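# Here is the input, now give the coordinates:
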Amino acid sequence: MANKLEQLKQFTDVVADTGDIEAIARFKPLDATTNPSLLLKAAQLPAYHTQLADAQNWAAAQPGSDAERLAACVDKLAVAIGCEILRLIPGRVSTEVDARLSFDSRACIEKARRLIDLYAQAGVGPERVLIKIASTWEGIRAAEILEKEGIHCNLTLLFNFTQAAACADAGVTLISPFVGRILDWHLAHSGRASYAPAEDPGVLSVTRIYNYYKQHGYRTIVMGASFRNTGEVEQLAGCDRLTISPQLLQELEQDEGVLIRRLSPENPGAPIAALHDSESSFRFGLNADAMATEKLAEGIRKFAEDQHTLEQQLAVLR
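Okay, the predicted model is just below:
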């Protein structure tokens, strides 16, 4: 019998949640995702020393202030790592917009265009790239414009149904609803020590979003993300895509048990009413969800901190 990773690949597109070339080569995912935290780790890997040096040399010759050249260096490094990843996968790589721009639609759009241009200079077309943007109101509006330009987007840091409904209405290519971070919040606030996979709050959130998209015919891809254990992964088997860390991919690969498909477009559950938010109702719906509000803010802060740390390291290494 095939192991659980191979079984999962039969009905879900598996994405590697890492920038580690060796892990990507081993597990052979369809796509791969990166973010500032993963870039920070990748920059320490010997496999990327050449790309790091090239990005620094290139950025040093760019016009602008030191801060602008550092930002350009991070962009160049992100694209260089993305290009290396694309050599190993048949699908797309996700490259993230600076989280510090999460509340500025115009800045998100300009950064996305710049990243796509850097990929083009490296010989990579937009069809192989997803631009990751935080699921703020401003980020969703930026993605709506970018999608119309043919720049495909991955809306990340997504924690609740309000965000998911708005992303679908905006016509984004893909969303990354987080599972583990939702679980983290509930464990910290419920007094419980654990949740069974079938009642895991993160699993239930992604299941509802998946069913809603299938019921209403949205083409936006649902890619569950941020897993804490393989039980969460197994409970979402059948989701369009799942982005999984190398550690959990290995655990699934070593498990010879039977994997049951849980989600299917043919059986999208009980009817869920359509939700079409205005800006004010979106903000109120997000504000009414303490978990989503806190985790979105926390996620943006963390990615911004890692972006800043990476810039500082690049400045020291010049």
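
# so which strand or helix has Gly224?
Here Gly224 is covered by strand 221-224, with elements defined by DSSP states H and E.

# quick one: that strand to chain centroid distance?
Centroid separation for strand 221-224 versus its chain: 9 Å, with C-alpha atoms, centre = their mean, to the nearest Å.

# Could you list every helix and strand that that strand packs against?
For strand 221-224, the packing partners by 3 or more C-beta pairs under 8 Å, 6 or more residues apart in numbering; DSSP states H and E come out as strand 174-177, helix 201-216, strand 241-244. All C-beta spots, glycine's among them, are computed from the backbone N, C-alpha and C.

# Would you mind listing the buried residues in the second one?
So the one you mean is helix 201-216. Judged by neighbour count (16 or more other C-beta atoms under 10 Å), helix 201-216 contains these buried residues: 201-203, 205-215.

# Find the least confident helix or strand in the protein, judged by mean pLDDT.
Comparing every helix and strand of the chain by mean pLDDT, DSSP states H and E singles out helix 36-42 as the least confident one, with a mean of 81.

# Which positions in the helix or strand that that helix is followed by come out as buried?
With elements assigned by DSSP H and E, the helix or strand that comes after helix 36-42 is helix 49-60. Within helix 49-60, the residues that count as buried by 16+ other C-beta under 10 Å are Gln51, Leu52, Ala55, Gln56, Trp58, Ala59.

# likewise stretch 165-174?
Neighbour counts over stretch 165-174 (16+ other C-beta under 10 Å) mark Ala165, Ala166, Cys167, Ala168, Asp169, Ala170, Val172, Thr173, Leu174 as buried.

# Need the max-distance pair from those residues.
Ala165 and Thr173 (16.1 Å; C-beta to C-beta).

# Buried residues in the helix or strand containing Gln313, which are they?
Here Gln313 sits within helix 290-317, counting by DSSP H and E. Within helix 290-317, the residues that count as buried by 16+ other C-beta under 10 Å are 291-292, 295-296, 299-300, 303-304, 306-308, 310-311, 314.

# now swap in stretch 145-152 and tell me
Buried residues in stretch 145-152, counted by 16+ other C-beta under 10 Å: Ile145, Leu146, Glu147, Ile151, His152.

# Which ones among these lie within helices?
Under the assignment DSSP state H, the buried residues of stretch 145-152 contribute Ile145, Leu146, Glu147 to helices.

# Make TSV out of the residues you listed and add distance to Glu22.
Shown next, in TSV, are those (distance: C-beta to C-beta, whole Å):
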residue	distance to Glu22
Ile145	37
Leu146	32
Glu147	33
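
# Going by distance to Gly91, which of those residues wins?
The shortest gap between Gly91 and any of those belongs to Glu147, at 17.9 Å (C-beta to C-beta).

# check contacts around the closest one.
Taking C-beta atoms under 8 Å, 6 or more residues apart in numbering, we find Glu147 in contact with Cys153, Ala170, Gly171, Val172, Thr173.

# Could you do Val93 as well?
Residues in contact with Val93 (C-beta under 8 Å, 6+ apart) are Asp31, Ala32, Thr33, Thr34, Gly82, Ile85, Leu86, Arg128, Val129, Leu130.

# And it, how far from Gly238?
Using C-beta to C-beta, to the nearest Å, we find Val93 at a distance of 24 Å from Gly238.

# for Gly202, same thing?
Gly202 is 16 Å from Gly238, where distance means C-beta to C-beta.

# Brilliant, that's me finished.
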